[in-house]
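**Q** just to be clear, the model below is a prediction. Sequence and coordinates:
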Amino acid sequence: MSYLTKSPWIIHYDASSCNGCDIEVLASLTPLYDVERFGIINTGNPKHADIFLVTGSVNEQNKEVIKNIYDQMPKPNVVVGVGICACSGGVFRECYNVSGGVGEIIPVDVYVPGCSAKPEAIIDGVVKALGILDQKYKALKEGGGSN
Ligand code: SF4
């Protein structure tokens with residue numbers, strides 16, 4: 001990861017999660033699993049974030065929020081869909097108010113399956129996302145664009 005010269009920061013948004021995946025995201029961030037050991041910190045400000053972690057499925061009420069957060073993030077960035085709801089809508093995909101997974105609204109770089117997604121899988125997804133972020137930085141530096 002030669003182009004990542006700073007600690008990448010995460011912003012976490014609960015689209016319409018049952019809270020199961022969010023508890024696992026918090027477990028990943030806090031001392032038991034401790035994603036901070038990779039220099040990754042949770043921020044509430046999309047303008048400071050490189051990694052967008054989304055849990056839950058997309059619906060009419062949250063799709064503009066997801067897009068708004070994503071649009072405020074500096075480029076390049078990466079998006080990680082956490083849990084099967086974020087991947088495809090999961091068990092709620094047939095519901096009248098569910099449009100599907102996060103990929104319906106914004107480009108997703110890494111999907112982390114599971115219901116709920118395990119902290120080990122979330123950390124694995126974030127590490128994969130860091131590799132993709134590095135490639136995007138490299139492409140940007142070489143003039144090839146990003147995202
Ligand atoms: S994937 Fe499962 S645990 Fe996660 S938000 Fe959906 S229903 Fe809840």
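**A** Yep, it's here. Numbers count the residues shown, from 1 in each chain.

**Q** quick one: which helix or strand includes Cys115?
**A** Using DSSP states H and E, Cys115 maps to neither a helix nor a strand.

**Q** near the ligand, which residues of the chain?
**A** Contacts of the chain with the ligand, taken as Cβ under 6 Å from any ligand atom, map to 17-18, 20-21, 55-56, 83-85, 90-91, 115-116. For glycine as for every other residue, the C-beta is placed from the backbone atoms N, C-alpha and C.

**Q** closest point of the protein to the ligand, which residue?
**A** Nearest to the ligand, among the residues of the chain, is Gly20, at 2.7 Å (Cβ to the nearest ligand atom).

**Q** wait, doesn't that residue sit right on Gly114?
**A** No: using Cβ atoms under 8 Å, Gly20 and Gly114 do not qualify as a contacting pair, with a distance of 9.4 Å.

**Q** quick one, which of these two is more surrounded?
**A** Gly114 (18 against 15; other Cβ atoms under 10 Å).

**Q** so who does the closest residue to that one other than its chain neighbours touch?
**A** The shortest distance from Gly114 to any residue that is not its chain neighbour, by Cβ to Cβ, 6 or more residues apart in numbering, is 5.6 Å, and that residue is Ala121. Contacts for Ala121 (Cβ atoms under 8 Å, 6 or more residues apart in numbering) come out as 112-114.

**Q** A strand includes Ala121, no?
**A** No: secondary structure of Ala121 (DSSP: H, G, I helix; E, B strand; the rest coil): helix, not part of a strand.

**Q** so Val54, which of the three states?
**A** Applying three-state DSSP to Val54 yields a three-state assignment of strand.

**Q** tell me how many other residues surround the nearest residue to Ile84 once chain neighbours are set aside.
**A** Once flanking residues are discounted, Ile84 sits nearest to Gly90: 3.9 Å by Cβ to Cβ, 6+ apart. Look at Gly90: counted by other Cβ under 10 Å, it has 21 neighbours.
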